[in-house]
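1. structure for this input, please:
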Amino acid sequence: MTLVTHRQLPPSAKDAAMARASGEVLSQFVQQRGSLRLHFREADLDQPMELPAGAVSLLLEILEAMAAGRGVTLIPEHEELTTVQAADALNVSRPFLIKLLEQNVLPHRKVGRHRRVRMEDVMAYKAKIDREREAILDQLTREAQELRMGY
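-> So this is what the prediction gives:
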C-alpha cells in the first residue's frame, strides 16, 4: 500500500527560528480565517497567488509545530492506514489498537489477512476519546473544588 503522506522530521534550530518568524508575519495577515492573497517576487518570477482558508490555517499550524521544534506528518483524511500507522496516530500500542478493532470500537476492513483503518475514522475516534477525557477531568476538578482541595 502506498500512503500519500508528507513527513517533516523535527526542524533544526535555524529552521525552527525561521518557522517562528514566518508564522508571526503570516498571522498578522490572517484575520477572519479567510483566504490569503500572496505575491511572489523571486528572480525573474512575479506571480500572485491566493491560498484557500483551509490551507492558510494548516500552514499556520505547521509553522507553530516547527517553531516548537516538533516534526509534522500530513495524512489525507481518505487514506487507509495500517494498524501500525493507526496506532502511531493514536499514540497507543498496536495490540491495544487490535483490541479496539476486534471489539468494533473502531471501524476497519480486511485486505487479505491485514486490517486497514481509515484516517478519518482514527481522527473521529481520537476526538471522541479526547472529549470523554476532558469531561472526566472537568468532573474531577469540580469534585476537588467541592472538597476544597485547592483547585
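2. so which other helices or strands are in contact with the lengthiest helix in the chain?
-> Counting residues, the longest helix found in the chain (DSSP state H) is helix 119-146. Applying 3 or more CB pairs under 8 Å, 6 or more residues apart in numbering; DSSP states H and E, one finds that helix 119-146 contacts strand 80-81, helix 83-90. Glycine gets a C-beta too; all of them are placed from N, C-alpha and C.
3. for residue 16, which of the ones you listed is the nearest?
-> Closest of these to residue 16 is helix 83-90, at 22.8 Å (criterion: CB to CB).
4. who touches the very next helix or strand once past the closest one?
-> Next in sequence after helix 83-90, counting helices and strands by DSSP states H and E, comes helix 94-102. Helix 94-102 has contacts (CB atoms under 8 Å, 6 or more residues apart in numbering) with 83-84, 86-87, 90, 106, 108, 115, 117, 125.
5. same check, this time on stretch 64-84
-> Stretch 64-84 is contacted by residues 1, 3-11, 15-17, 19-20, 23, 62, 89, 94, 97-98, 101, 109, 114-120, 122-123 when judged by CB under 8 Å, 6+ apart.
6. which among those count as buried?
-> 11, 16, 19-20, 23, 62, 89, 97, 101, 115-119, 122 (16 or more other CB atoms under 10 Å).
7. list just the nearest of those to residue 54.
-> Nearest member of the buried ones among the contacts of stretch 64-84 to residue 54, counting by CB to CB, is residue 62, at 12.5 Å.
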